[in-house]
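Participant: Using only what follows, build the 3D model:
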Amino acid sequence: MKYSQTHKSKQIFWLLIKLTIVFVCAYFIWQKLNNNTLLSFNEFKNVLSQSKVFSLKNCSFLLIFTFGNWFLEILKWKTLVKELKKISIFTAAKQSLASLTASLITPNRIGEYGAKALCFKKKNSIQIMHLNLIGNLHQLVATVFFGFLGFIYFYKNYPINFDLSNFYNVLILTCASCILIIVLWKLLLSKLEIFRNGIVKIKTKTHLKIALYSFFRYLIFSHQFYFLLMIFKTNITYIEAITAISSIYLLSSFIPMLSIFDAVLKGSVALFIFGILGVNSITILSITTLMWLLNFVIPSIVGSYFIITFSPKQQA
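Facilitator: Next comes the predicted model:
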C-alpha cells in the first residue's frame, strides 16, 4: 500500500512537471508572437497576407525544409547514441523533439542536455550529456566554417563600419579559450573517475557522419531562409543573400540567450546585415519570425506531445 501511494505521488509529480514545461513554453511562444518589440503581430499578419507565403507550393517547400532540418538532427542523435546503445529513428525523434521543447526556456538550449539524460538510465546521464555536447559542437563548427567565409566576403564587398582586426582578435581569443577548456577538461577527467567514465569513445567514422549531417543541416536551414527571401521578392543576388545569412548565424551563435527569444536575436542581427543591402526591415523581421516558427515552434509543438506521454520509468 505504501509503495502504491509513493508510486502514485511520483506519477503526479512528473505529470505536474511535464504540464508546467508545456504550458510555460506555450505561454512564452504566445508572448513572443503577441509582444514582439521589433515586429507587431498585426504588421506580421499584414506582411503575410500581402505575400504568397501560404500558397500550397510555398508551404510545401517550407515544410520540406523544416522536415529535412529536423530529420538530419534526429539522424545525428541516433548515430551518436548508437555509440552507447542502439535506438530506433522514432525513439531518436521523440528524444530530440521533447528535449527541444524542454530547452526553449533555457539559455542556449542548455536544458536539452538534462532532458535527453532523463530518457536513459541514471548511470548513463553523463555519457548522454557528452554525446549531446559532441553533436552541438559539430553543428557549431559548421556554423563557424560557413559563417566565417560568408562574413569575410561580406566585409570585403560591402560597407560595414566594423574593425576586422577586432574580429580576428575575438576569433583568436575564442580558439585559445576552446583549447584551454579542452586542456582543463582533460586534466579534470584524469582526476575525477565519474567524469572519465562518462566519456564515450566515438569512432572516427561516426565523427565524420555527424560532421556531414551538421553541414547538410546548415545548408538546409540557410537555404530555407534564402527561399523566404525569394518569396518576399527581395532584390538581391544569391551570393549577397547567402553570405548575409551565414554572417547572421555566425554572429548570433556567439550571443547567449533564451532559445524562446531566438527570433528576436536573429531579427536584430539580420536588420543590421540586410540593412546594408537595402532590404526592407519589416520583410527581414517577418522572415526571421517565420524561420523561428518553422524550425522551433512547430517541432516544439510535436515535442510537447512527447513530453506529456514521457514516462520517467522508461529506459532506452
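
Participant: What helix or strand is the nearest residue to residue 218 once chain neighbours are set aside located in?
Facilitator: Distances taken as C-beta to C-beta, 6 or more residues apart in numbering place residue 142 nearest to residue 218, at 4.3 Å, with adjacent residues excluded. In this view, the C-beta of every residue, glycine as well, is placed from N, C-alpha and C. Using DSSP states H and E, residue 142 sits in helix 125-157.

Participant: Can you give me the buried ones in that helix?
Facilitator: 125-132, 134-136, 138-139, 142-147, 150-151, 153-154 (16 or more other C-beta atoms under 10 Å).

Participant: quick one: average confidence on it?
Facilitator: Averaged across helix 125-157, pLDDT comes to 88.

Participant: Which elements pack onto it?
Facilitator: The contact analysis (3 or more C-beta pairs under 8 Å, 6 or more residues apart in numbering; DSSP states H and E) places helix 125-157 against helix 56-81, helix 111-117, helix 164-191, helix 193-198, helix 204-231, helix 238-253.

Participant: can we see that at 10 Å?
Facilitator: Applying 3 or more C-beta pairs under 10 Å, 6 or more residues apart in numbering; DSSP states H and E, one finds that helix 125-157 contacts helix 56-81, helix 89-103, helix 111-117, helix 164-191, helix 193-198, helix 204-231, helix 238-253, helix 262-276.

Participant: so which of those helices gets nearest residue 46?
Facilitator: helix 204-231 (15.5 Å; C-beta to C-beta).

Participant: That closest one versus helix 56-81: what angle between them?
Facilitator: If you take axes from the mean of the first three to the mean of the last three C-alpha atoms, to 10 degrees, helix 204-231 sits at 160 degrees to helix 56-81.

Participant: so where does residue 300 fall, helix or strand?
Facilitator: helix 298-309.

Participant: now the angle between helix 89-103 and that helix, please.
Facilitator: Using the same axes, to 10 degrees, helix 298-309 lies at 100 degrees relative to helix 89-103.

Participant: Only alpha carbons, please: show helix 298-309 as CSV.
Facilitator: In CSV, the C-alpha atoms belonging to helix 298-309 read as follows (Å, rounded to 0.1, in the frame of the first residue of the first chain):
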residue,chain,number,x,y,z
ILE,A,298,6.3,23.6,-35.0
PRO,A,299,8.8,21.0,-33.8
SER,A,300,8.3,22.0,-30.2
ILE,A,301,4.5,21.5,-30.5
VAL,A,302,5.2,17.9,-31.6
GLY,A,303,7.8,17.7,-28.8
SER,A,304,5.1,18.8,-26.3
TYR,A,305,3.1,15.7,-27.1
PHE,A,306,6.2,13.5,-26.4
ILE,A,307,6.8,15.3,-23.1
ILE,A,308,3.2,14.7,-22.0
THR,A,309,3.5,11.0,-22.9
